[in-house]
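Q: compute the structure for the input listed below.
(2 chains)
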Number of protein chains: 2
Amino acid sequence: MKAEIIAVGSELLTPHHTDTNSLFLTERLNEAGFEVHLKTIVGDSETDIAEVLGAAIDRSDVIMFSGGLGPTEDDLTRSAVAKVLGRKLLTDAGLLEMLRQRFINRRIPMPSINERQAQVIEQADVLQNPLGTAPGLWLHERGRYIALLPGPPPELRAMFESQVMPRLKQLGQGRLLAKRTFRVTGMTESEVDSIVAPIYKSYPQLQTTILAASGYIGINLHQWLSSGEEPSELDAAATRIQATLGDAIFTTSEQSLEEVVGRLLRDSGRTLAVAESCTAGLLAMRITRVPGSSDYFLGGVLCYSNEAKVDLCGVPNEILQKHGAVSAETAEALARGARAALHSSIGLGITGIAGPGGGSAEKPVGLVYIGVSDGDRVIHVRRIIPGNRDAIRERAAVFALSLLRRFLLQPHTLAG
Amino acid sequence: MKAEIIAVGSELLTPHHTDTNSLFLTERLNEAGFEVHLKTIVGDSETDIAEVLGAAIDRSDVIMFSGGLGPTEDDLTRSAVAKVLGRKLLTDAGLLEMLRQRFINRRIPMPSINERQAQVIEQADVLQNPLGTAPGLWLHERGRYIALLPGPPPELRAMFESQVMPRLKQLGQGRLLAKRTFRVTGMTESEVDSIVAPIYKSYPQLQTTILAASGYIGINLHQWLSSGEEPSELDAAATRIQATLGDAIFTTSEQSLEEVVGRLLRDSGRTLAVAESCTAGLLAMRITRVPGSSDYFLGGVLCYSNEAKVDLCGVPNEILQKHGAVSAETAEALARGARAALHSSIGLGITGIAGPGGGSAEKPVGLVYIGVSDGDRVIHVRRIIPGNRDAIRERAAVFALSLLRRFLLQPHTLAG
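A: Numbering: from 1, shown residues only, chains lettered A, B, ... in the order given. Modelled structure (predicted):
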């Protein structure tokens, strides 16, 4: 069962915009049993839209359009599709009345161009749009099914979930793409692949992707199932991967590292404070992305200058003079200092050289030290992170979250 | 002169990956005088690749492929293109020797599958790949030009710049897409459009896009120019937009707001410190994204808890009790406190309710106060920001940067 997605809009053919609706549509189509084998992005050109649909209808069971349903002359999806199918565009009186009512409710006059949005292709089902003025359409032609969906992502999603997904599930006849996901820290993409490949390759029905995301390596296993079929290969492979990677896996439910760390802090009734130098807020920003993080995150100190390290975080001047601002000793002092300044159970400190300037032979750009202290003990890790300023800061924050996670999981077995 | 881009790779048809090479290719194709009118994403299927190329060759002057040039059985671009053109795949002895040498230099044996990468379509020019093993190809067929480029973005970019762009410029015969950009803060997309539309609509040769990016509204004006033609409409419209929007434009050279603020701080020899509550590091993180920001950014305090606001930032307990943690008085006290704690010229404070919890009828989720102080004066702004937790924090940081910019531009005319 093959699906194809066609995104319409000249703005999607500029260097500034990328089509993201298709990622959502792909995920849901897969869940309904359809494999997406082609995506096309086409401008506001009736000729191009018609040509792409003409090719699609010969090769795909289901075709999803997004965009081009607005009221202006640039919105050509309806007319192009009608031409290819050889059907008429008719004004739907009920739809026109609903559009008029929408404008009355908003207390603004309806521009006459909006009347175009009440045009419906012969024999199409109208898909209601609770969030906007552009109605969608659902069409059946020679065993193929075609949906016309609006471009704005919230409108497309709401219409798809309520009116397209149920139709697709019926067409998919219980077929679906089952999946298992794992997220891993502390390993590179190729390290993960070299460990996991012997496992997934021994299950011929699995499709596997290993992807390097910001802050983790993701492993996605997929298996197509017919109606009622058990995901036996998927379960067997997942069990073996779990056993092999163990603690390196921080989630099997697509949680972020900061969500996992937050849960560990909350469960153990502990609070956290940070002292950030090179990351300058990036770590705290990630921790507090999680709703409710104020339960365990108290705050922190951004000590970009040496004075701030001394004044606000109590780093002894001797340490800065003897070991430098980027050193294991400073990282540990920052962890202790954050804990003391905010009266938290745990303190986390980061110091490093994010570049592009400031590096030396002894202390290169990318050198980062992270310290963590719970009052009883203080430990640190040292990393040299490749890449540019953004990448170094991003990965330094991930290393800090990763160290904190291991500290919270097994505080008494970590090496100093 | 029409161009079309075809991205090959089954991973680009999952919910996890989006094609980004085409954004780079579009920008450069435009600069060489080609308009991109279609983009297709196709999996590792010889049939689908061939079908898409068959359609493309009938409608586009230039066709850019990315991906599918690797050494494995999944890499099918070469063979599919050869089939459509009715040409043979031949092993290029020089290329094979170069591939062998690459592996010798890396001191690893060359897997026999890599020999496939020395296969060249008859009558094609080979495009060298200094960053990887996959060579590219350049083909001419019935007045159309086809480039086969590798999928990894650094390899694609390097090969394109050195070997494809010069060929395209020659084909484009001096035609190019000239552009002007403006970035605006403090206005919504529709406010900007309503002001700017009467200007750009009076120049029929202009193409205009208004886009809402994270933290600003972008205005992009484009004009196609033939060889030697002056961008007269572009210049006239740009002058009028500049005069109309004035200070609301923070850059005409695609700088970020934090770069602009950083330049204003450096030029005036002033230093900055922040006190962040709801944004918890997001503001400082953005400010320090700019290389060299340690010249003017001293650090800050993340005072998520009330205790931290009092202890670290000197916010008087009476203010918190009388006006609450989210109030104009607290924002101003945070600005003063940041300045005092870090000994900076200017202090910037943010407090607000990022949600999803913590809102009330009087102080709803999205309410944000921002204060700024230079010792002489302290001012604040109040905003109610719609959206979810991420959006509220993101836009609060933008409002803070925007307020700081106005403060640095004209400190003596700002209302309190």
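Q: residue in chain A nearest to chain B?
A: residue A:281 (2.7 Å; CB to the nearest CB). C-beta: built from backbone N, CA, C; applies to glycine.
Q: show me where the stretch 201-350 of chain A has helices.
A: Along the stretch 201-350 of chain A, counting by DSSP state H, counting those that start in this stretch, helices occupy A:232-245, A:257-267, A:282-287, A:306-313, A:317-323, A:328-342.
Q: got a list of what the residue nearest to residue A:378 when sequence neighbours are not counted touches?
A: In space, and not counting its chain neighbours, residue A:378 is closest to residue A:332: 4.7 Å by CB to CB, 6 or more residues apart in numbering or on different chains. Residues near residue A:332 by CB atoms under 8 Å, 6 or more residues apart in numbering or on different chains: A:349, A:371, A:373, A:378-380.
Q: how much space separates residue A:332 from residue B:107?
A: 40 Å (CB to CB, to the nearest Å).
Q: ok, residue A:57 next?
A: 53 Å.
Q: between the two, which is the more surrounded one?
A: residue A:57 (18 against 6; other CB atoms under 10 Å in any protein chain shown).
Q: you'd agree the more buried one is in a helix?
A: Yes. Counting by DSSP: H, G, I helix; E, B strand; the rest coil, residue A:57 is part of a helix.
Q: give the bridge partners for the nearest residue to it once chain neighbours are set aside, please.
A: In space, and not counting its chain neighbours, residue A:57 is closest to residue A:144: 5.4 Å by CB to CB, 6+ apart. Beta-bridge pairing for residue A:144 (DSSP bridges): residue A:141.
Q: what does residue A:300 give?
A: Under DSSP bridges, the beta-bridge partners of residue A:300 are residue A:274, residue B:302.
Q: doesn't residue A:275 make contact with it?
A: Yes. With contacts counted by CB atoms under 8 Å, residue A:300 reaches residue A:275, the gap being 6.1 Å.
Q: how near is residue A:93 to residue A:134?
A: Residue A:93 is 18 Å from residue A:134, where distance means CB to CB.
Q: for the helix or strand bottoming out on mean pLDDT in chain A, packing partners?
A: Between all helices and strands in chain A, the lowest mean by mean pLDDT, DSSP states H and E belongs to strand A:206-213, at a mean of 83. In this structure, strand A:206-213 makes packing contacts with helix A:189-200, strand A:216-225, helix A:232-245, judged by 3 or more CB pairs under 8 Å, 6 or more residues apart in numbering or on different chains; DSSP states H and E.
Q: for residue A:380, phi and psi?
A: phi -150, psi 160 (degrees, to the nearest 10).
Q: how about it, what does it touch?
A: A:328, A:331-332, A:335, A:369-372, A:416.
Q: so which of those comes closest to residue A:410?
A: Proximity of the contacts of residue A:380 to residue A:410 (CB to CB) peaks at residue A:372, which lies at 12.8 Å.
Q: which strand residues bridge that closest one?
A: Note on residue A:372: beta-bridge partners residue A:348, residue A:379, judged by DSSP bridges.
Q: wait, what's in contact with it?
A: Neighbours of residue A:372 in contact, by CB under 8 Å, 6+ apart: A:335, A:346-349, A:378-380, A:403-404, A:407.
Q: give the buried residues for stretch A:163-172.
A: A:163-165, A:167-169, A:172 (16 or more other CB atoms under 10 Å in any protein chain shown).
Q: if we can go back for a sec, format the contacts of residue A:332 as CSV; extra columns: pLDDT.
A: CSV is the format used below for these (pLDDT from 0 to 100):
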residue, pLDDT
A:349, 98
A:371, 98
A:373, 97
A:378, 93
A:379, 93
A:380, 96
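Q: buried members of these into ChimeraX, please.
A: Command for ChimeraX that selects the buried part of the contacts of residue A:332, burial taken from 16+ other CB under 10 Å:
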select /A:349,371,373,378,379,380
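Q: may I ask which two of the contacts of residue A:332 are separated the most?
A: For the contacts of residue A:332, the farthest-apart pair by CB to CB is A:349 and A:379; their separation is 11.0 Å.
Q: what touches both of those two?
A: Here residue A:349 and residue A:379 have A:332, A:371-373 as joint contacts, going by CB under 8 Å, 6+ apart.
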